[in-house]
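A.B. asks: One predicted model, sequence on top.
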Amino acid sequence: MQRKRLGQTDLEVSVLGFGAAPLGDEYGVIDEGEAEHAVQFAIDCGINFFDTAPYYGRTLSEERLGKALGGRRQEVLIATKCSRYGLNDFDFSAKRVEESIDESLRRLRTDHVDLYQIHDIEFGDLRQVIEEAVPAARKVQQAGKARCIGITGLQLKALRRVAEAAPVDSILSYARYNLLARDLDDLMTPFAKERGIGLINASPLHLRILTPKGAPEWHPAAPEVKEIGRKVVELCEARGKPAPKAALRFCLDHPYISTTLVGLATVEQVRQNLEIFDETNDPELLAEIEDLAEPVLHHIWPSGHPENQDYPDPMEGKRKE
Ligand code: NAD
């Protein structure tokens, strides 16, 4: 599989990455044995970038990923996170950032991670993220426990604000560039490109909306987004193209993003998603999807502190700047 350099780091990441949120049962209880096979099969197929967090399944994802990697640690790049530990449990203090890595390393059965990310920064006081969390992550890096550091979140302007004040190696954002969202290129890509910051695009299936199963119960998007997502899935089916494949192919065609992280838990999903490397998207189908998705293209949902929202009224209207 093709690999791309993550910004100016020395990490060469597979263009399709393994999102390990499902390993924490975030999308329903999974079969652990099957998930281990999925991890092994993904490595066999050239996927080398794995993203997890203590938050996913409240440490379950890290535990399972560490176990599933078995003796193949050297073949992969591991990204994990700190500062988010529950739905409303955040800690962006320097002390917690420095402690958290040791807990993650134990669960992941390794002595270092390749990328250490401050998780969902829009839930923090950005001043604390800038003055405490990022410098503490740099200390973790200097101690040899992480090769690179990054920040993650939904709110692009907050991510930019942090990266402007406290340089980071990568930015992970989710649900802002896929068949139902496009504003990453307005609010983030030029900034990241100019500074050589690696860009990681997560949730290409819009957190499962763009699959036949549809949105999980907890999905925060507005009903109209879910409804249009359902119609996109139906349209793709009618054209003989599974929606997850159309959605992934679309994301993989982005020229700057280094890697697209899709959540995976089964061998069959890995197999199906890898088929996109032999396929292209029909431009007519893409145009139809774009028309269908137009009314919700820039709808996101509130996430984090009020002052950190990209849009004052994220559920209404059209968002393009
Ligand atoms: P996603 O859009 O990748 O959707 C994942 C869901 O789609 C899972 O239920 C998965 O089983 C299913 N799926 C995958 N391939 C499929 C296929 N071919 N057919 C049918 N269903 C399929 O959402 P996600 O998992 O939330 O995002 C991907 C990853 O990105 C996460 O696992 C996580 O590692 C990362 N992420 C990070 C943040 C953050 O740091 N704030 C936020 C979101 C996601």
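C.D. replies: Yep, it's here. Computed from a predicted structure; not experimentally measured.
A.B. asks: excluding its backbone neighbours, what's nearest the closest residue to the ligand within the stretch 201-321 of the chain?
C.D. replies: Residue nearest to the ligand within the stretch 201-321 of the chain: residue 263 (2.1 Å; C-beta to the nearest ligand atom). Glycine gets a C-beta too; all of them are placed from N, C-alpha and C. In space, and not counting its chain neighbours, residue 263 is closest to residue 19: 4.0 Å by C-beta to C-beta, 6 or more residues apart in numbering.
A.B. asks: Contact partners for the one you found?
C.D. replies: Each residue near residue 19 by C-beta atoms under 8 Å, 6 or more residues apart in numbering is listed here: 51, 202, 203, 261, 262, 263, 264.
A.B. asks: And it, how far from residue 260?
C.D. replies: Distance of residue 19 to residue 260, given as C-beta to C-beta, to the nearest Å: 9 Å.
A.B. asks: Show me whatever sits in contact with both of the two.
C.D. replies: Residues touching both residue 19 and residue 260 (C-beta under 8 Å, 6+ apart) are residue 202.
A.B. asks: right, and out of the contacts of residue 19, which lies closest to residue 275?
C.D. replies: Relative to residue 275, the closest of the contacts of residue 19 is residue 262; by C-beta to C-beta it sits at 13.0 Å.
A.B. asks: Now do the helices in the stretch 201-321 of the chain.
C.D. replies: For the stretch 201-321 of the chain, the helices defined by DSSP state H, counting those that start in this stretch occupy 223-238, 243-252, 267-274, 283-293.
A.B. asks: what's the most buried one of those helices?
C.D. replies: Among the helices of the stretch 201-321 of the chain, helix 243-252 has the highest mean neighbour count (mean count of other C-beta atoms under 10 Å), at a mean of 22.
A.B. asks: show me what contacts residue 168?
C.D. replies: So residue 168 contacts 134, 149, 150, 151, 162, 197 (C-beta under 8 Å, 6+ apart).
A.B. asks: Span of stretch 70-83 from start to end?
C.D. replies: Distance between the two ends of stretch 70-83: 27 Å, counting by C-alpha to C-alpha, to the nearest Å.
A.B. asks: what's the answer for stretch 86-98, then?
C.D. replies: Using C-alpha to C-alpha, the end-to-end distance of stretch 86-98 comes to 18 Å.
A.B. asks: Run through who's touching that stretch.
C.D. replies: So stretch 86-98 is in contact with 55, 58, 82-85, 118, 120-121, 123-125, 128-129, 132-133, 135-137, 139-140, going by C-beta under 8 Å, 6+ apart.
A.B. asks: Looking at those, which are in strands?
C.D. replies: 82, 84, 85, 118 (DSSP state E).
A.B. asks: Identify the farthest-apart pair in those.
C.D. replies: The distance between the two most remote of the ones in strands among the contacts of stretch 86-98 (C-beta to C-beta) is 12.6 Å, for 85 and 118.
A.B. asks: quick one, what contacts residue 162?
C.D. replies: 121, 126, 129, 130, 134, 151, 168 are the contacts of residue 162 under C-beta under 8 Å, 6+ apart.
A.B. asks: how many neighbours does the second one have?
C.D. replies: One way to gauge burial is a neighbour count; for residue 126, by other C-beta atoms under 10 Å, it gives 21.
A.B. asks: Might you enumerate the residues of the stretch 151-300 of the chain proximal to the ligand?
C.D. replies: 152-153, 172, 174, 202-208, 211, 244, 261-265, 269, 272-273 (C-beta under 6 Å from any ligand atom).
A.B. asks: and if we set it to 8 Å?
C.D. replies: Proximity of the stretch 151-300 of the chain to the ligand, by C-beta under 8 Å from any ligand atom, involves residues 152-154, 172-175, 178, 202-213, 216, 242, 244-245, 247-248, 261-266, 268-269, 272-273.
A.B. asks: Can you go through these and name the buried ones?
C.D. replies: Neighbour-count burial (16 or more other C-beta atoms under 10 Å) applied to those gives 152-154, 172-175, 178, 202-211, 242, 244-245, 247-248, 261-266, 269, 273.
A.B. asks: These in strands, which ones?
C.D. replies: Secondary structure from DSSP E places 152, 153, 172, 173, 174, 202, 261, 262, 263 of those in strands.
A.B. asks: Count the neighbours of the nearest residue to residue 76 once chain neighbours are set aside for me.
C.D. replies: Spatial nearest neighbour of residue 76, chain neighbours left out: residue 48 (5.1 Å); criterion: C-beta to C-beta, 6+ apart. Using other C-beta under 10 Å, residue 48 has 22 neighbouring residues.
A.B. asks: and residue 30, which of the three is it?
C.D. replies: Secondary structure, DSSP: H, G, I helix; E, B strand; the rest coil: residue 30 is coil.
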